[in-house]
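Just a sequence and a predicted model for now, questions to come.
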Amino acid sequence: MAVDRTLLMVKKEILQLSRNRRVLFIAFMMPVMMMTLIGLGFTGEVKNISAIVVNEDGRGFSTTFLDALRQTDTIKIKYYANDLDEAENLIKNGQAKAAILIPKSFDENFRSGQAYVYVVVDGSDPMSASRVLPSVQAVAQSFSPTIVVRTSNIVLFNPTLRYIEFMAPAVVGFVLQMFPIMTIAVAIAGERERGTIEQLIVTPISSLDVLLGKMIVYMGIGLTNAFFMMAVAVYAFKLTIRGNVFLIALFIFIFLAASLSLGILSSAISKTQLQAIQTLMPFIIPTAFLSGTFYPIESMPNFIQPISYCLPLTYMIHAMRSVMVKGGGLEIIAIDLLALSIYAVAINALAVTAFRKKL
Amino acid sequence: MWENLVETFNLTKKFGDLTAVDHLNLKIRRGEVFGFLGPNGAGKTTAIRMLCGLLTPSEGYAIVAGFDVTKFPEKVKERIGYMPQRFSLYDDLTLHENLDFFGGIYRIPAGRRRARIKRVLEVVQLEDFENKLAGELSGGLKQRLALACSLVHEPELLILDEPTAGIDPPLRKAFWRYFRDLNKEGVTLFINTHYMDEAEFCDRLGLINKGRLIALDTPSELKKATLGGELIELIPSEIEKAHSILKDFAKIRRIEVKEKRLLLYVEDAASSIPEITAFLRENRVEVSSVQRIEPSLEDVFIELVKVGGG
């Protein structure tokens, strides 16, 4: 290992990157865009959820109640159905996200203080579903605390939990997995594809210097990405980071090193850029869906869950959510830290060995 | 100082069942232009890659610039320049940046590096392109840049893998001019080629076929030794008759019929020509032309492959 040669690699890599606008865009803009899109798409209140009204009573106070519902901008009453079956069919067909049933004798019951309404929500869209119930409840409360809003089917989310708090830590982990793996794998496989690696090997530079130079550059990009993504979440979407920032940084560093090593490994066993990406696919696809980025692992089928716990991103996301949102400390994420550290060291050793052997 | 800049001892490389290089024993002298000649797939590139430390031998070893390549690859790499068959520099760096990067890896101090870059660009006549991106150069200019890059650290030995493959004849000539100039400055050159005409320019030639060295000598000695002396081309009036008459002529070692010409291999052309023509005239065969010709290396190669059963 030689510091001067490693630094030459770093300088060369930065020069090349500075001329590659496409890679620059992917490396710097995509992560920020992802965080922004998820923030914009999911944090803002959900509005105009299409709803069906089944008014079995149709008299007196039931109409007043519906008038009040029409005033909220969360719910938009689009259909009127005769009974619950008809309403559920409309939901099944995707024409509405929720149904509100006002039972017979609602008017009389209201006057005697025992009224209730049913709410049926579309569980396939937890975002909308989670908003319907509180809105109906709010309207009901404004008339009388005695109106009971009953739900059938499901409510997935704690209605007070904002989606950005669920997503932001996951997006940080997700991006720091996908982008570094891809970019470093493509960068190294590209040198092999173009034959430039051969010109490097006939010089006295060691393979370790070559790898280290690349890792430093892509580690730098990864850390910058992490910083920008958190900045977007905190400043644009008012996310509060409750845990220790240094602990978060430590996780990001370890996880980035592991991701980069995996990218190196895939490039070491591939001849071309395309092959390197193909090699990564069987890892990337399950990781995207099973690591808990978008859906909680607990709600996955039992036979899928062991797969989730084999994916490093699962531990990263758990740690990020625990520290960033819940303000947890080392005592909660010790297992994640241990798992990720072991994984990072192992995959790095494997990658370096494979890379040197290939040369 | 080693007299031999490259020495290989039973250098062998196997890829599965295929033996690409088979017990190669070579000695390359300091200061010579050595040509490694053979058809595509003969094992030239594999041999070169072992000399540069790009491949590990399956058997045997190579001493390059005084060091065992397998044991001290870094020492060897500091002392040799290598120009691969395919352009392998960074398209998205300028000529200067490419040369500066590689010069830096060889630890040439910054000040001297600038001077060296200027010098090597002059050698290959690319001074005007210093700040252009390498990717913007045409194929021939890229090859020249590759040569410049392999020279930046003033190597003792320059290893070139088919440096002129696929470039046009005028540029090939220019390349050989560069090689000769470099050689005058004391650089030893090891050149892989499958062009027979180029091989003539080398001080010594190693002929390789199917991984095995089948001959090693100067071009003229190779011709003499392989083809059994000198070559006379004779055009007689009646080819069949001339052939049967000369078949038993003592001084002729071998006769080949090529269309209307006879190719005669003799010990010494100058003394044989009058005797042969006189003998033919005695037997009433007219000779319309007779002259000593220079056999081509191609003839040598074909002959060697035939004899060696390659």
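Received, thanks.

Enumerate the residues of the stretch 101-250 of chain B near chain A.
Within the stretch 101-250 of chain B, the residues that sit near chain A (C-beta under 8 Å from any C-beta of the partner chain) are B:101-102, B:104-107, B:133, B:149. C-beta here means a position set from N, CA and C on the backbone, and glycine is covered the same way.

now the helices for the stretch 1-150 of chain B?
B:44-51, B:73-79, B:95-105, B:110-123, B:139-151 (DSSP state H, counting those that start in this stretch).

could those be laid out in a markdown table, adding distance to A:I197 and mean neighbour count?
Formatted as a markdown table, the helices of the stretch 1-150 of chain B follow (distance: least, C-beta to C-beta, whole Å; neighbours: other C-beta atoms under 10 Å in any protein chain shown):
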| stretch | distance to A:I197 | mean neighbour count |
| --- | --- | --- |
| helix B:44-51 | 13 | 24 |
| helix B:73-79 | 14 | 19 |
| helix B:95-105 | 13 | 23 |
| helix B:110-123 | 22 | 15 |
| helix B:139-151 | 15 | 22 |
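
for the ones you listed, which one sits closest to A:D73?
For these, proximity to A:D73 was assessed by C-beta to C-beta; helix B:95-105 is nearest, at 58.4 Å.

From the contact counts, what lies against the closest one?
helix A:3-18, helix B:110-123, helix B:139-151 (3 or more C-beta pairs under 8 Å, 6 or more residues apart in numbering or on different chains; DSSP states H and E).

Of all those, which one is nearest B:G66?
helix B:139-151 (19.5 Å).

Can you show me the strands along the chain?
Defaulting to chain A. Secondary structure of chain A (DSSP state E): strands at A:49-55, A:75-80, A:98-102, A:116-121, A:148-152.

think we crossed wires, I meant chain B
Under DSSP E, chain B gives strands at B:4-15, B:18-29, B:33-37, B:59-64, B:67-68, B:80-83, B:157-161, B:188-193, B:204-209, B:212-217, B:230-236, B:252-258, B:261-266, B:287-293.

Report the helix or strand with the lowest average pLDDT across chain B.
When each helix and strand of chain B is scored by mean pLDDT, DSSP states H and E, helix B:297-308 comes last, with a mean of 75.

what's the neighbour count on B:A278?
With neighbours defined by other C-beta atoms under 10 Å in any protein chain shown, the count for B:A278 comes to 11.

ok, it to B:V287 distance?
10 Å (C-beta to C-beta, to the nearest Å).

re the thing from before, Serialize the helices of the stretch 1-150 of chain B to CSV and add fields for mean pLDDT and distance to A:I201.
Compiled in CSV, the helices of the stretch 1-150 of chain B are given as follows (pLDDT from 0 to 100; distance: least, C-beta to C-beta, whole Å):
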stretch, mean pLDDT, distance to A:I201
helix B:44-51, 93, 10
helix B:73-79, 92, 8
helix B:95-105, 96, 11
helix B:110-123, 93, 21
helix B:139-151, 91, 13
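
With distance to B:Q85 as extra columns, can I get those in TSV?
Shown next, in TSV, are the helices of the stretch 1-150 of chain B (distance: least, C-beta to C-beta, whole Å):
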stretch	distance to B:Q85
helix B:44-51	7
helix B:73-79	19
helix B:95-105	18
helix B:110-123	20
helix B:139-151	10
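
among those helices, which is nearest B:D197?
helix B:44-51 (16.8 Å).

what packs against the closest one?
strand B:4-15, strand B:18-29, strand B:33-37, strand B:59-64, strand B:157-161, strand B:188-193.

now that helix against strand B:157-161, angle please.
150 degrees (axes from the mean of the first three to the mean of the last three C-alpha atoms, to 10 degrees).

returning to that earlier point: farthest pair within the residues of the stretch 101-250 of chain B next to chain A?
Farthest pair in those, by C-beta to C-beta: B:R107 and B:L133, 25.5 Å.

The most centrally placed residue in chain B pairs with what?
Against the mean C-alpha coordinate of chain B, by C-alpha atoms, centre = their mean, the closest residue is B:G35 at 2.4 Å. Counting by DSSP bridges, B:G35 is bridged to B:I191, B:L205.

which ones are touching the closest residue to B:A146 other than its chain neighbours?
The shortest distance from B:A146 to any non-neighbouring residue, by C-beta to C-beta, 6 or more residues apart in numbering or on different chains, is to B:M83 (5.1 Å). When contacts are counted by C-beta atoms under 8 Å, 6 or more residues apart in numbering or on different chains, B:M83 touches B:146-147, B:149-150, B:158-161, B:163.
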